[in-house]
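[1] okay, here's the prediction I keep looking at, along with the sequence it came from:
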Amino acid sequence: QVQLVESGGGLVQAGGSLRLSCAASGRTFAHMGWFRQAPGKEREFVTAINWTGSSTYYADSVKGRFTISRDNAKNTMYLQMSSLKPEDTAVYYCAIKGAAGHPSELSKYDYWGQGTQVTVSS
């Protein structure tokens with residue numbers, strides 16, 4: 001069973017940047033994604049990337065501000081977040097997709113990290 005560990009969260013002012021990392025305990029020949037959950041809200045899709053990195057998917061709310069990438073040699077996925085807004089405040093989770101379906105579908109992901117808190121102050 002693959003384990004995922006997120007890091008890089010923290011407190012940042014609006015307009016600032018953060019880089020999240022997701023380290024996997026082994027090779028993941030699959031799509032990987034980032035999701036987030038704000039207090040009182042459902043977990044939502046943020047972005048996803050395929051195994052080779054040739055295909056990426058973004059929620060409209062983060063398009064143009066967030067960039068997903070992965071380094072398969074290091075078994076690590078990244079999320080570069082720029083122009084952060086207070087509404088980006090949430091716990092961010094990385095996950096590995098195991099079932100067929102669109103990469104934005106939360107239910108298609110089998111393995112999840114414990115999450116890392118991102119707080120954007122206004």
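    Looks like it arrived, so ask away.
[2] wait, Tyr78 sits on Ala23?
    No. Checked against Cβ atoms under 8 Å, the pair Tyr78 and Ala23 is beyond contact range at 10.2 Å. In this view, the C-beta of every residue, glycine as well, is placed from N, C-alpha and C.
[3] of the two, give the one with the bigger neighbour count.
    A count of neighbours by other Cβ atoms under 10 Å puts Tyr78 above the other of Tyr78 and Ala23, at 19 against 15.
[4] pairing partners for that one in the sheet, please.
    Applying DSSP bridges to Tyr78 gives these bridge partners: Ser21, Ser69.
[5] ok, now how distant is it from Gly53?
    Distance, Tyr78 to Gly53, by Cβ to Cβ, to the nearest Å: 11 Å.
[6] identify the contacts common to the two.
    Both Tyr78 and Gly53 are contacted by 69-70, under the criterion Cβ atoms under 8 Å, 6 or more residues apart in numbering.
[7] these two touch, right, Leu79 and Trp34?
    Yes. Leu79 is in contact with Trp34 according to Cβ under 8 Å; the separation is 5.0 Å.
[8] mind listing the shared neighbours of the two?
    Counting by Cβ under 8 Å, 6+ apart, the residues touching both Leu79 and Trp34 are 20, 22, 46-47, 68, 92, 94.
[9] how far is stretch 106-122 from where the chain is centred?
    Stretch 106-122 sits 6 Å away from the centroid of its parent chain (Cα atoms, centre = their mean, to the nearest Å).
[10] surely Thr28 and Asp71 touch.
    No. Look at Thr28 against Asp71 with Cβ under 8 Å: they stay out of range, at 11.7 Å.
[11] so between those two, which is more surrounded?
    Counted by other Cβ under 10 Å, Thr28 and Asp71 do not tie: Thr28 has more neighbours, with 20 against 11.
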